[in-house]
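Chemist: A structural model of the following input is requested.
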Amino acid sequence: MSDHTYRVIEVVGSSSSSIEDAIKGAVADASKTLRHIRWLEVVETRGHVEDGQVKHFQVTLKLGFTLDDRSS
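Modeler: Numbering: from 1, shown residues only. Alright, predicted model coming up:
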């Protein structure tokens, strides 16, 4: 097993349908500009309520990704 160094960033995903969709959307969008995402941590979950109904779910995530190995 090789050792890894990770960088961690925080992103917020939003969805009108579910917490799971907010998480998946945030990871998919982050994957467009970040390589080697390896893990996520849900830091905070919140929502927007309108007329007694949940209209949006927001999820704050920490994403960990490995740094490029520049030696190869």
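Chemist: hey, what's the closest residue to Y6 other than its chain neighbours bridged with?
Modeler: Leaving aside its sequence neighbours, Y6 sits nearest to G64 (C-beta to C-beta, 6 or more residues apart in numbering; 4.5 Å). To be clear about C-beta, it is placed using only N, CA and C from the backbone, and glycine gets the same treatment. Counting by DSSP bridges, G64 forms beta bridges with V8, W39.
Chemist: got a list of what G64 touches?
Modeler: Y6, R7, V8, I37, R38, W39, L40, E41 (C-beta atoms under 8 Å, 6 or more residues apart in numbering).
Chemist: how does it look with 7 Å?
Modeler: G64 sits next to Y6, V8, R38, W39 when contact means C-beta atoms under 7 Å, 6 or more residues apart in numbering.
Chemist: Make TSV out of these and add pLDDT.
Modeler: Below are the contacts of G64 laid out as TSV (pLDDT from 0 to 100):
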residue	pLDDT
Y6	91
V8	97
R38	95
W39	96
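Chemist: and the two most separated of the residues you listed?
Modeler: Maximum pairwise distance among the contacts of G64 (C-beta to C-beta): 10.5 Å, between V8 and R38.
Chemist: which one is I37 nearest to, not counting chain neighbours?
Modeler: Closest to I37 by C-beta to C-beta, 6+ apart is F65, at 4.6 Å.
Chemist: So that neighbour sits against T33, correct?
Modeler: No - judged on C-beta atoms under 7 Å, F65 makes no contact with T33 at a distance of 10.7 Å.
Chemist: Would you map the strands across this protein?
Modeler: Ranges of strands within the chain are 6-15, 37-50, 53-66, based on DSSP state E.
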